[in-house]
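J.: Build me a model:
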Amino acid sequence: MSTQAIIIIVYGLFVALGGVMGYAKAKSKASLIAGSVSGVLLLASGFILTQGIQAGYYIAMILTVALLGLFAQRFLKTKSFMPAGMMCVISFVVLIVLAIGLF
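T.: Residues are numbered from 1 along each chain as shown. Alright, predicted model coming up:
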């Protein structure tokens, strides 16, 4: 299993668990749905990548860019590092790892 696939799978778990935590803490159904859907799609792209299918890279890259934009927007609006700032940093690191993995 490649390092990039492992990172994508772990990132997908973070995103999904973040959605569940958002629901548990603030009763935000939007967080639960968005986190779950994004997390499952990231997990799927990680598993696709473990099968040697390059589409997993591109799916994960698109999702990571979208999530980075979302978390950055929320961080700028709330000025709170937790959870938006932390997820923004994690998303940026994942994006860099994916970009390095493509070349």
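
J.: how deep is residue 11 tucked in, by neighbour count?
T.: 28 (other CB atoms under 10 Å). For every residue, glycine as well, the C-beta is placed using N, CA and C.

J.: My guess is it contacts residue 64. True?
T.: Yes - Residue 11 is within contact range of residue 64, at 7.4 Å (criterion: CB atoms under 8 Å).

J.: Need the residues touching each of the two.
T.: With contacts defined as CB atoms under 8 Å, 6 or more residues apart in numbering, the residues shared by residue 11 and residue 64 are 42, 91, 94.

J.: In strands, which of these fall?
T.: Using DSSP state E, no member of these sits in strands.

J.: which ones among these are found in helices?
T.: 42, 91, 94 (DSSP state H).

J.: Let me know the closest of these to residue 3.
T.: Closest approach between these and residue 3, by CB to CB: residue 94, at 11.7 Å.

J.: list the contacts for the closest one?
T.: Contacts of residue 94 (CB under 8 Å, 6+ apart): 7, 8, 11, 60, 64.

J.: residue contacts, the last one?
T.: If a contact means CB under 8 Å, 6+ apart, then residue 64 has 11, 42, 91, 94, 95, 98 as its contacts.

J.: how far away is it from residue 49?
T.: Residue 64 is 13 Å from residue 49, where distance means CB to CB, to the nearest Å.
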